[in-house]
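> Here is a sequence together with a model predicted from it:
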Amino acid sequence: MTEVPTDPRQREIYDLASRIGLAWRELRRGASTASVRDYLYGQGSEALEMGQMDTLDLLANGEPWRMSELAEALRVEPSTATRAVQRLVNGGLAERRPNAEDGRVVQVTITPAGMAAHREVASRRVELLGYIVTQFRRQELRDFTEMLERFVSSVDTFMLGQVATE
């Protein structure tokens, strides 16, 4: 465990990092998380999982995807991408088909039902984020957007460094 710094300048950074960690945790598992998930992705047996929606986001551009390309774009293991696609196929939201040039290669495409489900969730996502951004002044929103993008990039950079040292 990291020792709490005694230097006031480093202590402030430590405290801010702790607050960010707590906010991140609340985003992940806070009381509203289940409600937001239900609002965005549906409830019961018809509900999409977040991984399925991530996959539909990629498939919605209309181009067929190879499984290896999907796994790479989703930043998951191929077996994880295969399971997500299988659930979409089982739900009629995606289909697998052989590549026209090389029948050994399987490609995944979105179905009309998948496109409709994607549009529905995307619409609710826009509504939710539209509300959230109204809580910020324009300059705050610009700053927040830039900082959040840097935050995500820093997480990726850190994790890539961790993987490289393993």
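It's in. The model shown is predicted, which means the values in this text are computed figures rather than measured ones.
> where do the strands sit along this protein?
Listed in chain order, the strands of the chain (DSSP state E) span 65-66, 94-98, 106-110.
> Just put those in a markdown table and tack on mean pLDDT.
Output for the strands of the chain, formatted as a markdown table (pLDDT from 0 to 100):
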| stretch | mean pLDDT |
| --- | --- |
| strand 65-66 | 93 |
| strand 94-98 | 93 |
| strand 106-110 | 94 |
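> Low-confidence regions, this protein specifically.
For the chain, the stretches with pLDDT under 70 are 1-2, 31, 163-164, 166.
> Dead centre of it: give me the residue that sits there.
For the chain, the residue nearest the mean C-alpha position is residue 54 (5.8 Å; Cα atoms, centre = their mean).
> Is it in contact with residue 74, as I believe?
Yes: counting by Cβ atoms under 8 Å, residue 54 does reach residue 74; the two are 5.8 Å apart. In this view, the C-beta of every residue, glycine as well, is placed from N, C-alpha and C.
> Quick check: neighbours shared by those two?
Among the neighbours of residue 54, those also in contact with residue 74 (Cβ atoms under 8 Å, 6 or more residues apart in numbering) are residue 84.
> Could you pull up the residues touching residue 116?
Counting by Cβ under 8 Å, 6+ apart, residue 116 has no contacts.
> mind starting the numbering at 479 from now?
New numbering, starting at 479: the last item is residue 594.
> Which one, of the strands of the chain, ends up nearest to residue 526?
Among the strands of the chain, strand 572-576 comes nearest to residue 526, with 11.6 Å by Cβ to Cβ.
> Kindly state the domain boundaries assigned to this protein.
479-521, 526-592 (automatic domain parsing).
> which one of those is the most hemmed in?
Most buried of these, by mean neighbour count (mean count of other Cβ atoms under 10 Å): domain 526-592, with a mean of 16.
> Quote the end-to-end distance of stretch 510-527.
This stretch, stretch 510-527, spans 17 Å end to end (Cα to Cα, to the nearest Å).
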